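*Asks:* Okay, predicted coordinates and the sequence, questions at the end:
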Amino acid sequence: RRGRWLIVVVLLASLVAAGALFAKGNSRAVDVARGLVRVSAGCRVPVTLQRGGDYWVYVEAGPVPMPDSADCSNAGRLMSNPHGFPVLGFAIATPDGVERSMVEVDPNRKYAFGRHSGLLTSRFSGAAGETVIVGVVADSRDAAIAIGDNVFDVRRPWRIGAGLILLLGLLLSAVLVRVTRVRDDA
């Protein structure tokens with residue numbers, strides 16, 4: 001009888017631990033989504049990159065609050081689109097006008113973490129401490145982009161850990177079931 005209780009305890013403990021790791025990964029992703037730098041359509045904003053490496057670009061609903069350093073003189077002027085489909089464009093350049101090459105992310109992935117939701121579209125590389133100018137144009141004021149870490153990569157190790165804990169708990173439970181049956185048969 002003690003063996004059966006041990007099996008139940010191991011299963012419950014592994015489920016709780018896996019759930020906690022999964023929840024922590026989602027919490028980290030919400031924190032990253034909250035910390036993204038957001039730029040509304042019609043605005044240009046200088047952004048100082050905090051670290052070197054890849055930065056990810058997401059399309060989100062807007063407008064969003066802009067800092068005092070933003071130039072939003074084009075916020076009232078919308079792009080005209082004779083083709084009838086939505087238009088959104090953005091550029092990331094150095095202060096002297098050298099545009100950063102953007103790498104399209106395929107497939108684009110939607111996210112919804114906390115109050116923020118959007119579509120991962122592309123990425124670019126930057127150096128720590130470097131200032132770039134982020135400009136956004138659109139045919140609607142209800143658009144913005146967000147720049148920062150990959151919200152999906154942040155939660156991946158936590159999800160892998162949750163899966164491993166769950167797998168180990170199931171394997172240990174299976175071994176305990178086998179040992180309990182052998183003991184009961186003897």
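*Replies:* Thanks, I have the structure now. These numbers come from a predicted model, not from an experiment. Residues are numbered from 1 along each chain as shown.
*Asks:* who are the neighbours of the longest helix along the chain, in terms of helices and strands?
*Replies:* Longest helix in the chain by number of residues, with DSSP state H as the criterion: helix 151-185. Judged by 3 or more CB pairs under 8 Å, 6 or more residues apart in numbering; DSSP states H and E, the packing partners of helix 151-185 are helix 2-34, strand 103-113. (Each C-beta comes from the backbone N, C-alpha and C, glycine too.)
*Asks:* Residues in a beta bridge with residue 55, which ones?
*Replies:* Beta-bridge pairing of residue 55 under DSSP bridges involves residue 124.
*Asks:* That one and residue 135: what is the separation?
*Replies:* Computed with CB to CB, to the nearest Å, the distance linking residue 55 and residue 135 is 15 Å.
*Asks:* Between those two, which is the more surrounded one?
*Replies:* residue 55 (23 against 19; other CB atoms under 10 Å).
*Asks:* Now do the same for the closest residue to residue 62 other than its chain neighbours: its pLDDT.
*Replies:* Of all residues not flanking residue 62 in the chain, residue 144 sits nearest, at 3.1 Å (CB to CB, 6 or more residues apart in numbering). Residue 144 carries a pLDDT value of 92.
*Asks:* repeat for residue 125
*Replies:* For residue 125, the model assigns a pLDDT of 93.
*Asks:* what's the distance between the closest residue to it other than its chain neighbours and residue 103?
*Replies:* Excluding its sequence neighbours, the residue lying closest to residue 125 (CB to CB, 6+ apart) is residue 54, at 5.7 Å. Note on residue 54: its distance to residue 103, by CB to CB, is 9 Å.
*Asks:* got any residues that touch both of the two?
*Replies:* Here residue 54 and residue 103 share the contacting residues 123-124, scored by CB atoms under 8 Å, 6 or more residues apart in numbering.
*Asks:* that older thread, the inter-axis angle of the longest helix of the chain versus strand 103-113?
*Replies:* Here helix 151-185 points in a direction 60 degrees away from that of strand 103-113 (axes from the mean of the first three to the mean of the last three CA atoms, to 10 degrees).
*Asks:* buried sites along helix 151-185?
*Replies:* Using 16 or more other CB atoms under 10 Å as the test for burial, helix 151-185 gives 151, 154-155, 158-159, 161-162, 165-166, 169, 172-173, 176, 180.
*Asks:* With stretch 123-139 instead?
*Replies:* Neighbour-count burial for stretch 123-139, counted by 16+ other CB under 10 Å, picks out 123-124, 126, 132-139.
*Asks:* center of the chain, which residue is that?
*Replies:* In the chain, the centroid-proximal residue (CA atoms, centre = their mean) is residue 151; its distance is 1.5 Å.
*Asks:* Spit out the contact partners of that residue.
*Replies:* Residue 151 touches 29, 32-33, 56, 58, 111, 113, 120, counting by CB under 8 Å, 6+ apart.
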